[in-house]
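1. Just a sequence and a predicted model for now, questions to come.
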Amino acid sequence: MSDPITDQRLLYIHDQLPDAEIQREADLYGPLTDSVRELIAATLQTEVGEPDVRRAKALIEEAASLLQARAIPGPYGVRWGASGWKRGWGNAADGFRNAVAPPLNVHTDPDGRTWADFHLGPQYEGPAGLTHGGVSALILDQVLGDCAVASGNPGMTGTLSLRYRKPTPLGDLHAEARFDRLDGVKAIVKGHIADAEGICVEAEGIFILPRWAREAQSTTTGS
């Protein structure tokens, strides 16, 4: 039986790609991901007749076959290029090559605040016309986690507590987070999602660096 921690560590890959090659991949695969995301929404919203549906299905199967002709065998993992350019392109919340992920681009301000302005389409619906609460949790987990990283205290989610203050619409939304405090090995971060009229969801996250990562960090720093 495989060790899940060992398996996970193998997916942190330093592939040493130069920035120019990473940018080439971004320019190539980014538009593909955007097109597939549009396809997901179109599949949900379409009302065309049976012949067009069957033709679209055949074209999608042909495209999938083309793309699968040469593919990695499992998860994308997290990769670093020669300059340290980090790519978590398979991430379900903001993966650049993951069409399931919301179109989320998280920014970090000089004061450590992380934020993202984004648009959620119909594929993220929960209650009629509203964003699914789990999607809100997914986005806040990512934005708060990125804030923990920006504070110098990266970690995996130990606890994520949410308060849904009002229904979150689909469409244009804003998420942001700020580092609150450090409690031992626990980084505590607070944030929210808002629409144009105010806060919809509040969150507090506790992020903890796994023991194996802390041990590796101690070995690297010699502490």
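-> That came in fine, so what should we check first?
2. can you pull out the helices in the protein?
-> 4-9, 19-45, 50-68, 133-150, 211-221 (DSSP state H).
3. how about low-confidence regions in this protein?
-> 1-6, 213-223 (pLDDT under 70).
4. what's the closest non-adjacent residue to residue 126?
-> Of all residues not flanking residue 126 in the chain, residue 132 sits nearest, at 3.0 Å (Cβ to Cβ, 6 or more residues apart in numbering). (C-beta placed from N, C-alpha, C; glycine too.)
5. quick one: that neighbour from residue 169, how far?
-> According to Cβ to Cβ, to the nearest Å, residue 132 stands 12 Å off from residue 169.
6. what residues go with each domain of this protein?
-> As given by automatic domain parsing, the domain ranges for the chain are 4-68, 102-217.
7. Output the ones you listed as a markdown table; include the columns mean neighbour count.
-> What follows is these, written out as a markdown table (neighbours: other Cβ atoms under 10 Å):
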| stretch | mean neighbour count |
| --- | --- |
| domain 4-68 | 12 |
| domain 102-217 | 17 |
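8. Minimum distance to residue 91: which of those domains has it?
-> domain 102-217 (7.3 Å; Cβ to Cβ).
9. Residue 156 reaches residue 211, doesn't it?
-> No: using Cβ atoms under 8 Å, residue 156 is not in contact with residue 211, being 11.0 Å away.
10. just to revisit the earlier point, export the helices of the chain as JSON lines, with columns for distance to residue 114.
-> Output for the helices of the chain, formatted as JSON lines (distance: least, Cβ to Cβ, whole Å):
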{"stretch": "helix 4-9", "distance to residue 114": "24"}
{"stretch": "helix 19-45", "distance to residue 114": "21"}
{"stretch": "helix 50-68", "distance to residue 114": "32"}
{"stretch": "helix 133-150", "distance to residue 114": "4"}
{"stretch": "helix 211-221", "distance to residue 114": "21"}
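11. how about those helices, which one is nearest residue 199?
-> helix 133-150 (11.5 Å).
12. Show me what the closest one is in contact with.
-> For helix 133-150, contacts defined as Cβ atoms under 8 Å, 6 or more residues apart in numbering pick out 91-94, 102, 104, 106, 108, 112-116, 118, 120, 124, 126, 154-155, 157, 160, 162, 164, 168, 175-179, 187, 189-193, 200-201, 203, 205, 207.
13. can you check stretch 54-69 too?
-> 39, 46, 48.
14. Report the separation between the first one and residue 181.
-> Summarising the geometry, the distance separating residue 39 from residue 181, computed by Cβ to Cβ, is 43 Å.
15. can you check the last one too?
-> As for residue 48, its distance to residue 181 is 54 Å (criterion: Cβ to Cβ).
16. just to revisit the earlier point, which of the helices of the chain sits closest to residue 77?
-> Residue 77 lies closest to helix 4-9 among those, at 8.7 Å (Cβ to Cβ).
17. ok, now which ones touch the residue of the chain most remote from its centre?
-> Of all residues in the chain, residue 51 has its C-alpha farthest from the mean position, at 35.9 Å, by Cα atoms, centre = their mean. By Cβ under 8 Å, 6+ apart, the contact list for residue 51 is empty.
18. Could you measure from it over to residue 130?
-> From residue 51 to residue 130 the distance is 34 Å (Cβ to Cβ).
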